[in-house]
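S.K.: 3D model of this:
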Amino acid sequence: VVRAWWHHALEGVRIITNLPRATTLVNAADLRERSQLRETYVNLCLQAKASEVKGVPAKDLPPDHPLRLLQQMQLRLNLPEILEWRLQALTTTADAVGARTATETSTATSAGGAAPAPAAPKEGEQQGRTPSTLQV
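M.R.: Got it, this is the predicted structure:
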């Protein structure tokens with residue numbers, strides 16, 4: 001009963017203030033299109049990272065270069081989407097690197113070699129803590 005009353009009150013406020021309906025309620029086709037757009041963006045981020053060209057401005061790259069396509073796509077997207085999808089691309093990259101490292105480690109141990117020892121802390125470093133910049 002209380003929920004129905006709040007829905008009724010919200011609908012009344014929306015009508016009185018001429019607010020449009022929430023855009024978060026979308027149909028399945030919109031969700032599919034948004035999902036494909038996200039996958040395209042993440043793949044372009046990964047391709048741009050893999051084909052990174054140092055010292056060349058983006059305007060001098062060919063039009064079909066992933067970095068150029070990524071920039072064109074960013075002009076049409078909202079900032080929160082760009083940030084969220086870039087973070088997803090970064091985590092995808094980190095997961096791939098972690099999986100590759102785990103595979104190499106398991107291959108080395110199964111081949112009879114010992115697992116690589118963890119690096120010893122350098123002189124003056126505290127293990128597990130970041131040194132304070134105030135220490136002399």
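
S.K.: What is the burial count for the nearest residue to residue 65 once chain neighbours are set aside?
M.R.: What sits nearest to residue 65 in space, not counting adjacent residues and going by C-beta to C-beta, 6 or more residues apart in numbering, is residue 51, at 7.2 Å. Glycine gets a C-beta too; all of them are placed from N, C-alpha and C. Neighbours of residue 51 under the rule other C-beta atoms under 10 Å: 11.

S.K.: cool, residue 71 as well?
M.R.: When neighbours are counted by other C-beta under 10 Å, residue 71 comes out with 15.

S.K.: Now it: which helix or strand?
M.R.: helix 66-74 (DSSP states H and E).

S.K.: name the helices or strands packed onto that helix?
M.R.: helix 28-50 (3 or more C-beta pairs under 8 Å, 6 or more residues apart in numbering; DSSP states H and E).
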